[in-house]
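[1] sequence first, then the predicted structure:
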Amino acid sequence: FATRQVTRAAFGAAQRRAFSVTASNATKVAVLGSTGGIGQPLSLLLKLNPRVSELALYDIVGGPGVAADVSHINTKSNVKGYAPDAAGIKECLTGAEIVLIPAGVPRKPGMTRDDLFNTNASIVRDLAKHAAEHCPDAAMLIISNPVNSTVPICREVFKSKGVYNPKKLFGVTTLDVVRASRFISQIKSTDPANENIVVVGGHSGATIVPLLSQSGDKLEGKQLDDYIHRVQFGGDEVVQAKDGKGSATLSMAMAGARFAESLLKAAQGQKGVIEPTFVESDLFKDQGCDFFASNVELGPNGVEKIHPVGKITDFEQGLLDKCVADLKGNISKGVEWAKANP
Ligand code: NAI
């Protein structure tokens, strides 16, 4: 009986603690581009996340409509959609702690992510300007492609406004890790939930480098080549299957929501939260890459610790060399464009 009383008292205390953690961690999350293929399911998943207390949805079309729909879901967070004007974006971003940007055009069959540059560069620049002004301390999660270039563009905007914090700017590469885990599980007939493949580099083609050796997986010959190709070009499978109607949206929404959840967990005090993400990093700066995706430990202030690439095989070193060569160009393209088009 005594044990039961203690257990019950402990349970009550834990419940109160859990409640006070939730109550004292009111978190406003904004989605810019919330009406899109990614934006809608991402907004839905964020509405289901109890760590989010306020969900702010903005798009140049239909933000309030998506918000009205999502707001009927019976979870506690408040949802609001904003008008596509200066007052709307200001109100949407004010007080936001996390800003996810899936605004921009997706690929059509035959296009690379770099083909989106001309359109999406200015969309990300303009939204970054609003964020730098209205929520300079927010964590910025860039989904719009080409991520290898749009993240550097966001940095240049924040720098030009004097509010850049390298610990708070993230390119969302989670989908590459999600795919790498799913695809290896299909080969090995395992549960993908138990697979955790490290993926480093960037987020397009040859810049995506899965490091199978680090999880002890040994594929060889054609099977290895096919696996690497599938992870690097997995997005193309979706673009082709959708046949002109867009790129990955549902799996991307899940990946974006997972990354936001990890940031929220870390912000709310959980230790040891590690996600792969494209951040400003010293790992390959001497080779011209200011940004690089590797495993990053997250903390209350964003980036806590950037993990090195670690031990890799000669084959993986070959992939990494190709990655760095491409990535360097993608990053400087973004930086130069941002400087020429402030
Ligand atoms: P979509 O065309 O379905 O949606 C984009 C939305 O952005 C539209 O609702 C549009 O009205 C809105 N938008 C355009 N300009 C805007 C602005 N200035 N302010 C606010 N909203 C604006 O495209 P989808 O499929 O949602 O993809 C969005 C982006 O995400 C694309 O660039 C795509 O390449 C990228 N993506 C990134 C992935 C990643 O792993 N990081 C994976 C898949 C896609």
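    All right, it came through fine. Numbers count the residues shown, from 1 in each chain.

[2] could you use CA atoms for every contact and neighbour count after this?
    OK.

[3] how close does the nearest residue to Ala103 once chain neighbours are set aside sit to the ligand?
    What sits nearest to Ala103 in space, not counting adjacent residues and going by Cα to Cα, 6 or more residues apart in numbering, is Gly33, at 4.0 Å. For Gly33, the distance to the ligand (Cα to the nearest ligand atom, to the nearest Å) stands at 4 Å.

[4] count the residues that sit near Gly33.
    24 (other Cα atoms under 10 Å).

[5] from memory it sits against Pro64, does it?
    No: Gly33 is beyond contact range of Pro64, at 11.8 Å (criterion: Cα atoms under 8 Å).

[6] what packs against the longest helix belonging to the chain?
    Scanning the chain for the longest helix, with DSSP state H as the assignment, gives helix 314-340. If contacts are counted by 3 or more Cα pairs under 8 Å, 6 or more residues apart in numbering; DSSP states H and E, helix 314-340 sits against helix 147-160, strand 198-201, strand 208-211.

[7] same list (the ones you listed) but as TSV, adding distance to the ligand and mean pLDDT.
    Listed next are the helices and strands packed on helix 314-340 as TSV, based on distance: least, Cα to the nearest ligand atom, whole Å; pLDDT from 0 to 100:
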stretch	distance to the ligand	mean pLDDT
helix 147-160	6	98
strand 198-201	13	98
strand 208-211	11	98
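
[8] mean neighbour count added to these, as CSV?
    Below are the helices and strands packed on helix 314-340 laid out as CSV (neighbours: other Cα atoms under 10 Å):
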stretch, mean neighbour count
helix 147-160, 26
strand 198-201, 26
strand 208-211, 26
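
[9] doesn't Ala293 lie inside a strand?
    Yes: counting by DSSP: H, G, I helix; E, B strand; the rest coil, Ala293 is located in a strand.

[10] and the longest helix of the chain, how far out from the chain middle?
    From the chain centre to the centre of helix 314-340 is a distance of 19 Å (Cα atoms, centre = their mean, to the nearest Å).

[11] pLDDT averaged over it - what is it?
    Averaging pLDDT along helix 314-340 gives 98.

[12] which SSE is immediately downstream of the host helix or strand of Glu297?
    Assigned by DSSP states H and E, Glu297 falls within strand 291-299. Downstream of strand 291-299, the next assigned helix or strand under DSSP H and E is strand 302-306.

[13] coming back round to it: need the residues touching each of Gly33 and Pro64.
    Listed as contacting both Gly33 and Pro64 by Cα atoms under 8 Å, 6 or more residues apart in numbering are Leu57, Tyr58.

[14] pretty sure Leu57 contacts Pro64?
    Yes: using Cα under 8 Å, Leu57 is in contact with Pro64, at 7.3 Å.

[15] which residues of this structure fall in strands?
    28-32, 54-58, 78-82, 98-101, 139-142, 169-171, 198-201, 208-211, 273-280, 291-299, 302-306 (DSSP state E).

[16] so which of the ones you listed gets nearest Thr249?
    For those, the distance to Thr249 is smallest for strand 98-101, at 13.2 Å, taking Cα to Cα.

[17] what about the closest residue to Arg182 other than its chain neighbours, how many neighbours?
    Spatial nearest neighbour of Arg182, excluding adjacent residues (Cα to Cα, 6+ apart): Pro192 at 5.2 Å. With neighbours defined by other Cα under 10 Å, the count for Pro192 comes to 17.
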